[in-house]
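Undergrad: Got a predicted structure here, sequence first:
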Amino acid sequence: MSLSPCTVLADINFPTHSICSSEGGPKEYRADGLSIPELLDAMLTFMPLDAYDDHPVQLMDMTDADKAKGMKLSIWEEYSRICNKHQPPAVTLKMVERFEFYEKAKKAYAIIQTGETAPYANILLKRGVC
């Protein structure tokens, strides 16, 4: 399996260790004391997103059941604000179905497990040229 130039920032509920422990899987890093927004802001200071990809930022979408409940997620708005601060023009966040997101995560270069507690806070970043 070839790993992609992507990094996943994972919330506390993401199965990071099981994905990373598979042979040839992504590298696992721990940032337990950090929230994803603060880590995202710091990372994008030094890591440009892929300007040639229409969707360099992808989020794990809500399940249909949570959508039917009308669940609102302010964390996604926070991600959009942070990405747009660092990456002109505005970044379009792509929603990815949960199990498809897991498959993409298996092909990422690294997964950073954070202490983020917000639901559906997982985010995949495709890096560009530094």
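TA: Cool, got the structure.
Undergrad: which residues in the protein form strands?
TA: 4-10, 27-31, 57-60, 94-96, 108-114, 123-126 (DSSP state E).
Undergrad: which one of these lies closest to residue 80?
TA: Among these, strand 57-60 comes nearest to residue 80, with 8.5 Å by Cβ to Cβ. In this view, the C-beta of every residue, glycine as well, is placed from N, C-alpha and C.
Undergrad: By residue count, which helix of the chain is the longest?
TA: helix 74-86 (DSSP state H).
Undergrad: chain center to that helix, what's the gap?
TA: Chain-centre distance of helix 74-86: 12 Å, with Cα atoms, centre = their mean, to the nearest Å.
Undergrad: Just the pLDDT at residue 1, thanks.
TA: Note on residue 1: pLDDT of 54.
Undergrad: The one 4 residues further on now?
TA: Among the per-residue scores, residue 5 shows a pLDDT of 85.
Undergrad: close enough to count as contact, it and residue 125?
TA: No: taking contacts as Cβ atoms under 8 Å, residue 5 lies outside contact range of residue 125: 9.4 Å.
Undergrad: No further questions, thank you.
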